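Asker: Fold the following for me, if possible:
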Amino acid sequence: MNENIRRFIRYVKIDTQADENSTTVPSTEKQKNLSRLLVKELKELGLSDAYMDEYGIVYAHLEGEGDVIGLNAHVDTATEVTGCNVNPRLVEKWDGRDIKLNDEHSITLKQFPFMEQVIGHDLIVTDGNTLLGADDKAGIAIIMGVLDYIKNNPDFKHHPLAIAFTVDEEIGRGPKHFSLEKMGADYAFTIDGGSINHIAIENFNAQQLKVQITGVAVHPGEGINTLLNAIQIQSEFIMSLPQKETPFYADEGYWHLTSTNGSSEKTEFVAILRNFDREKLNKLNIKIYEIRDTLLEKYPRAKIEVEILEQYENMKPYVEKDPRPVKKASEALKKLGLEPVFSRIKGGTDGATFSKMGLVTPNLGTGSANHHGRYEFLSVQFFEKMIEIVLEIIKR
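Answerer: Numbers count the residues shown, from 1 in each chain. Have a look, this model is predicted:
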């Protein structure tokens, strides 16, 4: 096992899960544990100005020649499955047979047929109890692997580099306190995708939906014409949403329920709203408010509060304004014998907001897949190739 993989495993064992219910920055203090380690390691790699700001964001710079190229990845992990006590395991030269994670969970080709492309690869997987955290600690490890190569190959000529490791990307707050001035890049790349030959130049417009419903709680035996069950009203609300516009069915956009909690008196549910087309997302917003109004007419003594929060926009119109990073990445892939694929992210990255802020930032892959869950894995071969790709991008 080489140092790049050891570094990745070291990072995933640090719990950095974000918390969408928190009001602090970052949303979890534990994200700073990885940020602090990264500052230490960046300094050891020769980036003497590396530091963590008050928000947990890490910035560092390395001198070179030419345009300043930014590299970004995020330290936090997703909220769907725990990132505590990650126990990664290496499966060498995977033969395509079922990978038993534990007695309950396995990775199978039947469930994930796209994994045919990694038969014969070395895979890093979970023990089935946690996510892996390759999203986006693989991106961090790739950037650190690039810097390690530069340190050990002093004759390698490269562009000046601006590094930023952000927090809370998974809950849409990554760029909230990000500083273009502190990063100081001319253009940048997020290393936060899957396939290593993909250059993501488009992503979903993204919102978060929060709905709180308050009913009328009385003893069920006294409930005739009085009791209003918030759980039942919530169920009506959710089932009134377009049922064919969920991730199972929809490709261009969807709504996705992420959490629900409460009691018969008061409930709350949270969903994410996604669409490449802003007009279609706006129509879904209108539908949501129509559902609220219909239910309030049906249950006038209930209270239904709807909040729709903007998270990020489609980066495409902004990326098109500066062709330099896409051109750089395309040329690098071709030099390494890979055919560039210009793709759309069915999600988002911090780069979407960076691009809107004026720092054009397409997204590149990491060689990982099945993100946000216990079936997440990293292909060692693709991961190592991605380090080569980034080195080719920054080479002078």
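
Asker: Could you check how far the residue sitting nearest the centre point of the chain is from residue 25?
Answerer: Closest residue to the average C-alpha location of the chain: residue 170 at 4.8 Å, with CA atoms, centre = their mean. Distance, residue 170 to residue 25, by CB to CB, to the nearest Å: 14 Å. No exception for glycine: its C-beta is placed from N, CA and C like everyone else's.

Asker: quick one: the helices in this structure?
Answerer: 3-12, 31-44, 134-152, 180-183, 230-240, 278-298, 316-319, 324-335, 350-357, 380-394 (DSSP state H).

Asker: Who are the packing partners of the third one?
Answerer: It refers to helix 134-152. Packing partners of helix 134-152 (3 or more CB pairs under 8 Å, 6 or more residues apart in numbering; DSSP states H and E): helix 3-12, helix 31-44, strand 69-74, strand 161-166, strand 187-191, strand 368-369, strand 377-379, helix 380-394.

Asker: Just tell me which of those ends up closest to residue 126.
Answerer: Across the helices and strands packed on helix 134-152, residue 126 has its closest neighbour in strand 377-379 (7.8 Å, CB to CB).

Asker: tally of neighbours for residue 158?
Answerer: A count of neighbours around residue 158, defined by other CB atoms under 10 Å, yields 20.

Asker: one step back: present the helices of the chain as a markdown table; the columns should include mean neighbour count and distance to residue 72.
Answerer: Listed next are the helices of the chain as a markdown table, based on neighbours: other CB atoms under 10 Å; distance: least, CB to CB, whole Å:
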| stretch | mean neighbour count | distance to residue 72 |
| --- | --- | --- |
| helix 3-12 | 19 | 15 |
| helix 31-44 | 19 | 12 |
| helix 134-152 | 25 | 8 |
| helix 180-183 | 14 | 8 |
| helix 230-240 | 17 | 35 |
| helix 278-298 | 14 | 24 |
| helix 316-319 | 18 | 15 |
| helix 324-335 | 18 | 12 |
| helix 350-357 | 26 | 6 |
| helix 380-394 | 21 | 12 |
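
Asker: Residue 252 is nearest to which of those?
Answerer: helix 278-298 (7.5 Å).

Asker: Run the angle between the closest one and helix 230-240 for me.
Answerer: Relative orientation of helix 278-298 and helix 230-240, computed by axes from the mean of the first three to the mean of the last three CA atoms, to 10 degrees: 140 degrees.

Asker: gap between helix 278-298 and the chain center?
Answerer: Its chain's C-alpha centre and that of helix 278-298 lie 27 Å apart, by CA atoms, centre = their mean, to the nearest Å.

Asker: check contacts around the residue nearest to residue 206 when sequence neighbours are not counted.
Answerer: Of all residues not flanking residue 206 in the chain, residue 311 sits nearest, at 4.0 Å (CB to CB, 6 or more residues apart in numbering). By CB atoms under 8 Å, 6 or more residues apart in numbering, the contact set of residue 311 is 172, 206, 207, 208, 272, 348.

Asker: one step back: pretty sure the residue nearest to the centre of the chain sits against residue 78.
Answerer: Yes. The criterion here is CB atoms under 8 Å, and residue 170 meets it with residue 78 at 4.7 Å.

Asker: Right, I'll leave it there.
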